[in-house]
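Visitor: I'll drop the sequence and a predicted model, then ask my questions.
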Amino acid sequence: MAAAWRHFKRNWKIYGIFFGTWLGSRWGAKRYREAAITRSYCLEAKQYSEKPVSLMDKIDRIYLFLNPKSNNSNAKKLFMKYSAPIFNLSGTEIILIESDYEGQIQSLINYIQSSGTAALVVAGGSGTLLEVVNGLLRRNGLSVPVGVLPLGKDNSFYYSQLRERKGKNELPARSIGEATMNIIRGNTKPVNIIKLQPEKGKTLYAVSSVKWGVVHDAEINKNSWRLFGLLRTFLSYTSTAVRVCY
């Protein structure tokens, strides 16, 4: 062991260069794969913009609701890098709406015109999706598909309902690019919606699960423990249970 340590001390520069080269090659290979994936989606999207359109054809628009605070404020960066270029090349008319506070998107849906709207797109996490779904189902006269861009942290609904075959190490360029192209292609899939109608108050809708009480509070508090990495779920549930019991 001592001999190995002496050998490392004498040749630490060589090992450092080797390790740095290895990390750089992995980073470069990942960037190359991401660029190749995005390029393939962009080439496919470009074909949609090259289709002839008559002057009498009606061009519908897509309202895209982006929560910039989703995924630790990385949602907008992911959208601009992996999704926006594909939308731009497809010739799709996108109206981008960024939310400033919780509940804003649900209110804004009331002002969307039913005519000329092709779809509503959710660019964020589960909370953003719930706002769009509740705003859409509570409003009368607006029945359009809802697209999902997986820009949140876990994207459980997207991977359980819309993209069931997720690779073990799927790159964001693949998951976000494929979701963007599904919207451009017009692919739709019916999903079940959970309707909650309390005795008092507004009707609520959910898409994947329903949580309340201690479980709901613990899920909300998980972000406050994010510095603890994999332990954040355990610490969040433990602290919430202790607070409720004592």
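Guide: The structure has been received and is ready for your questions.

Visitor: hey, let's count contacts and neighbours off CA atoms from now on
Guide: Fine.

Visitor: the strand ranked longest in the chain: which residues count as buried?
Guide: Criterion DSSP state E: the longest strand present in the chain is strand 117-124. For strand 117-124, burial by neighbour count (16 or more other C-alpha atoms under 10 Å) applies to Thr117, Ala118, Ala119, Leu120, Val121, Val122, Ala123, Gly124.

Visitor: swap in stretch 124-140?
Guide: 124-126, 128-136, 138.

Visitor: put together TSV for those residues, with pLDDT and distance to Met181 on each row.
Guide: Shown next, in TSV, are the buried residues of stretch 124-140 (pLDDT from 0 to 100; distance: C-alpha to C-alpha, whole Å):
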residue	pLDDT	distance to Met181
Gly124	87	17
Gly125	83	19
Ser126	80	21
Thr128	86	20
Leu129	87	19
Leu130	84	22
Glu131	86	23
Val132	88	20
Val133	87	21
Asn134	86	25
Gly135	87	25
Leu136	86	23
Arg138	83	28
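
Visitor: which of those residues lies closest to Lys195?
Guide: Of all those, Lys195 sits closest to Asn134, with 9.8 Å by C-alpha to C-alpha.

Visitor: and for Val242, the neighbour number?
Guide: By the criterion of other C-alpha atoms under 10 Å, Val242 has 9 neighbours.

Visitor: ok, it to Ser236 distance?
Guide: Applying C-alpha to C-alpha, to the nearest Å, the value for Val242 to Ser236 is 10 Å.

Visitor: check Lys195 too.
Guide: Applying C-alpha to C-alpha to Lys195 and Ser236 gives a distance of 28 Å.

Visitor: these two: which has the busier surroundings?
Guide: Set Lys195 next to Ser236 and count neighbours by other C-alpha under 10 Å: Ser236 wins out with 21 against 13.

Visitor: check for me that the more buried one belongs to a helix.
Guide: Yes: per DSSP: H, G, I helix; E, B strand; the rest coil, Ser236 lies within a helix segment.

Visitor: residues in contact with it?
Guide: By C-alpha atoms under 8 Å, 6 or more residues apart in numbering, the contact list for Ser236 reads Ala218, Glu219, Asn221, Lys222, Trp225.

Visitor: show me which of these is closest to Ile112.
Guide: Glu219 (31.5 Å).

Visitor: hmm, back to that, buried subset of the contacts of Ser236?
Guide: Using 16+ other C-alpha under 10 Å, the buried members of those are Ala218, Asn221, Lys222.
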